[in-house]
Structure formats: C-alpha cells, structure tokens
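> give me coordinates for this.
(chains A and B)
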2 protein chains.
Amino acid sequence: MPGAPPAPAPPSVLARSRALVRPALVDALGRLHPWTGEMAAYSLGWSDLSGTPDAGASEGKGLRQALAVLAAEACGAPGHSAVPGAVAVELVHAFSLLHDDIMDGDELRRRRPTVWKEYGTGPAVLAGDALLASAVQTLAEAPGGQAGAAVLRLSGTLADLVRGQSDDLLFADRPWTGTDSVGPGAYRSMAEHKTGSLLGCALALGALLGGAAGSTVASLDRAGRHLGVAFQAVDDLLGIWGDPAHTGKPVHGDLRQRKKTYPVLAALASTGPAARELLALLDAPCPPDGPTASRAAGLVETAGGRTATLAEARRHLDAARSCLHGLPLAPHAVREFQELLTYLAHRTV
Amino acid sequence: MPGAPPAPAPPSVLARSRALVRPALVDALGRLHPWTGEMAAYSLGWSDLSGTPDAGASEGKGLRQALAVLAAEACGAPGHSAVPGAVAVELVHAFSLLHDDIMDGDELRRRRPTVWKEYGTGPAVLAGDALLASAVQTLAEAPGGQAGAAVLRLSGTLADLVRGQSDDLLFADRPWTGTDSVGPGAYRSMAEHKTGSLLGCALALGALLGGAAGSTVASLDRAGRHLGVAFQAVDDLLGIWGDPAHTGKPVHGDLRQRKKTYPVLAALASTGPAARELLALLDAPCPPDGPTASRAAGLVETAGGRTATLAEARRHLDAARSCLHGLPLAPHAVREFQELLTYLAHRTV
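The predicted structure follows:
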C-alpha cells in the first residue's frame, strides 16, 4: 500500500493471462461495427484515434482476465477454458469505464483523452453499449454447457455495477455530516457493487467455466468481492497520496474534486479538531486550491483517515484470502493468486 | 398505411399481452436501484417526474411484448411462458430509446421531455444501462431450460441494435448523392438491424420459450425482421406526412431535420426535375423552413418516394406473412398476428 515498501514487479500471471486472452478479445472487437470497434480499441489502449496500433498507450493491468484464468486453473481446468469469461469481464470493465467517464465528466484516462472527449458523448454511449452487448454475446456463446449459468452470473454483476454507480453519483450531492451523510459502511457497500462485484464475477466465471462445484464458485466470488473493496481502498489512498508521476492524476486530485472517498469519510467519522477543520475546508463554497488540498490531506491523516483506510484494505485482503481456505484448489494457482493480492496491495498506479 | 382508409382499432392482443406481462415488468423495475427505477418508470410512461403514476402519459403500443406472447401461443404454449422474453424485449426497447434519444439529441418522446432532458445525460446513460442489465438478467433467470439459448438470441439482437444505430448516426454525415451516398439498400439494412432485429427477437424468444423447434424459431425471427423493415417504412411516411395531432411530432419533421429516410432516398434515387429540385433544397446551407419543407414533401411525392416507400412496406409485410406459411402454428394466434400486421400497416401514430 502507498507508504509501504516499493511495489513488487507485476506478477507473471498478468502477462500470461493477457497473452492467453488477447486473441479472443481481438475477435470480439473484430465483430463490432467498424466505428464502435475503433472506439472500443481506443478505449482499451490498443490504438490511437486513427485506429493504428498505439504502442505508447497504457492498457491497464488486465486484472480481471487474470482472475478468471487463475480461477479456472485453481479448479484444475486449463486456463483457456476461462477465456470466454475473461473476455466478458474485460469488456464489461471497458464498458463501465467508458460510461462512467461520461457520467463523471472525466476528460482523461490513462493519460489520454477519454472516448466521449474525443468522439463525442453520443458515440461514446454507443461504444459502451457495443462493449456490453459483446460481453454478453461472448459469454452466451461459450462452449461446454455452462454458458447459461455464466450469463446469469454476469447479469447479476451488471445489476450490481449500475447500483454501485447510482450510489456513487448520488453520494456527490449528499452532505459531509448529519443523518443524510455517507458513512464508511455505505461507502463500502458502493465499492463492493462498483468494484468488488466484477472482480468476484471474474473469479466465479473462471471457476464456473472450469467446471468447479457451486460452493467453490460462490467462495471465489466472495473472495473477489473482498478484493474489490480492498482495491478501492488502495485506489482511494492513491487518489490522495499517490505520486502523480505514477498515477497520471494530479496531486491530491480526489480532495480537489471533493470526492467522497473512504479516507475522508473515515476522517470525518472521527471526533476532534482535525476532523472539524477538514469539514470546514470541504464545506467551503469553492473547491480547495493546491495548498488547501495539501492541508486537507494532512488533516485526513491526522484524523486517522489514512490509517483507517489501510486497515480497511488489509481487512478485506485478509477476508479474500480466508475465503480460499479449505477449498479444493490447485496450490500453484493459489500461490499466484496470493502474489497478485500482494502486488495489488502495494501498487502505486 | 398513411393515405389508406382509417386505421382499425388496436387489436385486442396488445391489451391482453400488456396485462399478462405487466406484473413481471413491474417486478423487474422494482429490483433496480430506486433512482434508476424512477428514471426507467418515467421512460416507460408509467410515472411522472416525482415517481407518481401518470395516467396521462402515453405508454407506447407494447408491440414487442405482444409479438413474444403471440409467438408462444402460435407454438401451442400458454402465453405466460413467453413472459421473460416479453419483459426482456420491452426493456431492451426502452433501453434503446433512452440511449438513442441521447445520441440523437431528441428532447421529446411521446409528448414528454426525454429522460436525458429531465435528469441529465449522465443519469440517462445509467438508466439505459440499468434497463439493459435488467433485460439480460430477466431472460437469464427464465425457467424451463431455455434461458441460455434465449440469452444467446437476445445478445445477437443487442449487437444488431448497436450496428443499426451506428449506421444511422453515420448516415447523417454522408452526402445525398454520389458514390458515398446512402442508397435504399443500405437504409433497409440499417432498418433491419435497428428495428427488425428486436421484433424478430420478440417472436423468436416467444417461440423458444414456448418450446418450438429451431426451424420455427428461425422462421418467426425472419418474419419479425421483415415486419421491422415495414414498420420503419411506415414510420418514415408518418415522419413526413403524419398528422401532428396523432404523431405528436411537427409537420414534415423528418424533412426539417433533413433525416435520411426511405422516402427521401428513394426519391433521390430517381431521375427527373423533382429529384433535382429536392436535392437542391436538402443541400442548402440551412435546414428547410416550414414552406420549404412543405415544398420538399411535395417533391418527394412527385419523384416517387412515397409510392416506393408504400411498396417497400407492402413487400416486407407480405414477406413477413409468407415466413409463416407451412409452419405448424395455432390458427387463432396466426389470425391475431395478421390483425396486428394490418393494424401496424395502417397506424397513424
């Protein structure tokens, strides 16, 4: 986690899964209308605006596809059996980023203009729809008799994603304190829907397509949900204290935008002068400028927000690990999963 | 069709199907986040902005749910076996209207402000996503062992819808004449994707959930696709010559917006002075005013655009009917389907 020792190198499962899944992902994009396919490839960091491959663009970690592949392997199936699930969760992730960027008005993602900023809002809505449709189609076409159950699982996650995004959008208009304020519990529930559900789905689909028993699928799903809550907590830490050189985001970015994130909510839930001063800064008529955001970051730390968020991340990483206890899983895959958890906990981007 | 004798009364299958499907549709909306549920209910014409039932609002014809119910009955199954499919196609229809209104910048639908106009673009994107997720979930949960096949069928239609909408958006920037212009054939393909695919899907899902053989499902699917192309042709006629008192749209609305519709494209595909004068009006720097749009409507008619569109509608209605020949279908359901075709061909709204 930020502030901890330097991040370890990305575990090899990320590159391995990317190589395994890429051909099917390329196929899925190739079936789209050329225009939405171009926008989809741009959103995935595969190409620039003219549609030509863009080696300089960042593609994202590919965490979800790796979770799907690892889950299948953990259940004793070859990694390739998870590929339709891996493609589906990567496409759903791309869909949600694309539409969330419209809703949040975000103009940059991975240091490039977002799709709506480059192509316009209407086309970006359509490109997101295309990605979502392609995800459902890919999974519905999965061989092996598990397609129906897999789509059912994915559809629950789609509902969760919308629910989490609804809460997240509505949080912006809620007060910092009082009975209508957003408590850490409500924030955790949002994070579980918005981030955890898709990580759980990735593991569940990998297991399901790998032929695992229902109880194993359910346990892996829970592990992914906890991982998602931990992932969001680390994200929130990076949003305040992350190094802009790594994150590509402005220093104290989430504080300047007065985003309701776990560290801030946990700090405000405390009592004491730091929480009171923080509240006054956040409740000011104008968004904080640089020095004010810096002061606010210090107050979040003093009021215990950073410590509480680190504890939140650790708690959910531990919970994710304990979901795996006693399951009949292949040890090498569990080891790779543990490496992935460690990497994600210490990531700086 | 417009210009033909007065429209017959709505066939009873529309009200019957609405009553049959409504409880499941209410359930589906009830499972959404309250905020997206409110937007979804507003978009369906069920409620006003405060979320209270709105008896004055128009709900739409409910054509898709009726097609699903009729298809199941035609295949000898009770209408209620089609309900998950009927719910899914109505939700997908609502999703596509909601997102298309954003992309097209349309501010009114059924005489009320569109969702994006009332709630904002971001929330409207989210409400559309919620409807789509709910459609997939409803179908994936369908009892009876056909859920997987049904979702596979729906997912192909989702891909078609995006493809059709992509073409439709891109048509706007293409020239009226020359090698890059939109011919009637390209327009028909767009209409089949954008309108026909979901009508075909409604029939196919009803048949599938009703236990029909694959060949019957495929024939009904084709019938629905033809019906959709005919439906779009009638829509295009109404967009130029429809009575604003019935359609709720401005007189000659499609011409004022210079929309590329079948009557205009067919007129331009002809030779002669009317087509040339029409082209000059459409290619003018500014959109046509009222008198100019009225003159353009006359030119479309003189150049044969109205006759060609009526012929296109009749051809595809006949093709839809002939798809049913020789199928082992229940006569009473086929009769109701024929009534529905006649009603749609003569509709004024």
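
> please name the residues that touch the closest residue to chain B within the stretch 101-250 of chain A.
Proximity to chain B, evaluated over the stretch 101-250 of chain A using C-beta to the nearest C-beta, is greatest for residue A:148 at 2.8 Å. C-beta here means a position set from N, CA and C on the backbone, and glycine is covered the same way. Each residue near residue A:148 by C-beta atoms under 8 Å, 6 or more residues apart in numbering or on different chains is listed here: B:140, B:147-149, B:151.

> try it again with 10 Å
A:139-140, A:142, B:140, B:142, B:145-152 (C-beta atoms under 10 Å, 6 or more residues apart in numbering or on different chains).

> only whichever of these are buried, select them in ChimeraX.
Typed into ChimeraX, the line below selects the buried ones among the contacts of residue A:148, using 16 or more other C-beta atoms under 10 Å in any protein chain shown:
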select /A:139,140,142 /B:140,142,146,147,148,149,150,151,152
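
> about what we covered before: report the distance from the host helix or strand of the residue of the stretch 101-250 of chain A closest to chain B to the chain centre.
Using DSSP states H and E, the element containing residue A:148 is helix A:147-171. Offset of helix A:147-171 from its chain centre (C-alpha atoms, centre = their mean, to the nearest Å): 13 Å.

> ok, back up a step: lowest-confidence one in the contacts of residue A:148?
Lowest pLDDT of the contacts of residue A:148: residue B:145, 92.

> and it, what does it touch?
Residues near residue B:145 by C-beta under 10 Å, 6+ apart: A:148, B:209, B:211.

> would a markdown table of these with distance to residue A:44 be doable?
Formatted as a markdown table, these follow (distance: C-beta to C-beta, whole Å):
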| residue | distance to residue A:44 |
| --- | --- |
| A:148 | 27 |
| B:209 | 35 |
| B:211 | 41 |
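
> out of those residues, which one sits closest to residue B:27?
Distance to residue B:27 across these (C-beta to C-beta) is lowest for residue B:209, with 16.8 Å.

> right, and the helix or strand after the strand or helix carrying residue A:255?
In this structure, residue A:255 sits in helix A:253-256 according to DSSP H and E. Counting by DSSP H and E, the next helix or strand C-terminal to helix A:253-256 is helix A:262-268.

> what pLDDT, on average, does that following helix get?
On average, helix A:262-268 scores 96.

> next structured bit after it?
Downstream of helix A:262-268, the next assigned helix or strand under DSSP H and E is helix A:273-282.

> list the buried residues in that next one.
In helix A:273-282, counting by 16+ other C-beta under 10 Å, buried: A:274-275, A:277-279, A:282.

> distance check, the residue most central in space within chain A against residue A:226.
Nearest to the geometric centre of chain A sits residue A:195, at 4.7 Å (C-alpha atoms, centre = their mean). Plainly put, residue A:195 is 11 Å away from residue A:226 if you go by C-beta to C-beta, to the nearest Å.

> now swap in residue A:63 and tell me
Distance, residue A:63 to residue A:226, using C-beta to C-beta: 14 Å.

> what does residue A:102 give?
Distance from residue A:102 to residue A:226, by C-beta to C-beta: 29 Å.

> tell me the buried residues in the lowest-mean-pLDDT helix or strand in chain A?
Ranked by mean pLDDT, DSSP states H and E, the weakest helix or strand in chain A is helix A:244-247, scoring a mean of 81. Within helix A:244-247, the residues scored as buried using 16+ other C-beta under 10 Å are residue A:247.

> please apply the same query to stretch A:261-274.
By 16+ other C-beta under 10 Å, the buried positions in stretch A:261-274 come out as A:261-269, A:274.

> can you pull out the helices in the stretch 201-349 of chain A?
A:214-241, A:244-247, A:253-256, A:262-268, A:273-282, A:290-302, A:305-323, A:331-345 (DSSP state H, counting those that start in this stretch).

> give me whichever of those is most buried.
Neighbour counts (mean count of other C-beta atoms under 10 Å in any protein chain shown) averaged over each of the helices of the stretch 201-349 of chain A peak at helix A:262-268, with a mean of 26.

> report all helices and strands that that helix contacts.
If you count contacts as 3 or more C-beta pairs under 10 Å, 6 or more residues apart in numbering or on different chains; DSSP states H and E, helix A:262-268 packs onto helix A:184-191, helix A:214-241, helix A:253-256, helix A:273-282, helix A:290-302, helix A:305-323.

> chain center to it: distance?
Taking the mean of its C-alpha atoms, helix A:262-268 sits 20 Å from the chain's own mean (C-alpha atoms, centre = their mean).

> now do the SS call for residue A:176.
Three-state assignment for residue A:176 (DSSP: H, G, I helix; E, B strand; the rest coil): coil.

> ok, the most far-flung residue of chain A relative to its centre - contacts?
No residue in chain A sits farther from the centre than residue A:273, which is 33.7 Å out by C-alpha atoms, centre = their mean. Applying C-beta under 10 Å, 6+ apart, we find residue A:273 in contact with A:299, A:302-303.

> do the same with residue A:58
If you count contacts by C-beta under 10 Å, 6+ apart, residue A:58 has them with A:45, A:109-112, A:248, A:349.

> how about a cut-off of 7 Å?
A:45, A:110-111 (C-beta atoms under 7 Å, 6 or more residues apart in numbering or on different chains).

> look up how far residue A:20 lies from it.
Counting by C-beta to C-beta, the gap from residue A:58 to residue A:20 is 20 Å.

> mind checking how far the closest residue to residue A:219 other than its chain neighbours is from residue A:198?
Take residue A:219 and drop its neighbours on the chain: the residue closest to it by C-beta to C-beta, 6 or more residues apart in numbering or on different chains is residue A:323, 5.0 Å away. Residue A:323 is 16 Å from residue A:198, where distance means C-beta to C-beta.

> and for residue A:251, the neighbour number?
17 (other C-beta atoms under 10 Å in any protein chain shown).

> thought it was touching residue A:244?
Yes. Applying C-beta atoms under 7 Å, one finds residue A:251 in contact with residue A:244, separated by 5.2 Å.

> re earlier: of the buried residues of helix A:273-282, closest to residue A:158?
Comparing those against residue A:158 with C-beta to C-beta picks out residue A:282 as the nearest, at 33.0 Å.

> hmm, back to that, report all helices and strands that the helix holding residue A:255 contacts.
Under the contact definition 3 or more C-beta pairs under 7 Å, 6 or more residues apart in numbering or on different chains; DSSP states H and E, helix A:253-256 sits against helix A:214-241, helix A:290-302.

> where does pLDDT dip in the stretch 1-150 of chain A?
Along the stretch 1-150 of chain A, segments meeting pLDDT under 70 span A:1-7, A:55-57.

> which residues of it lie near chain B?
Contacts of the stretch 1-150 of chain A with chain B, taken as C-beta under 7 Å from any C-beta of the partner chain, map to A:33, A:35-36, A:99, A:102-103, A:121-123, A:125-126, A:129-130, A:132-134, A:136-137, A:140-141, A:147-148.

> buried subset of these?
A:33, A:35-36, A:99, A:102-103, A:121-123, A:125-126, A:129-130, A:132-134, A:136-137, A:140, A:147-148.

> let's see which of these end up in helices.
Using DSSP state H, the subset of these located in helices is A:35-36, A:99, A:102-103, A:121-123, A:125-126, A:129-130, A:132-134, A:136-137, A:140, A:147-148.
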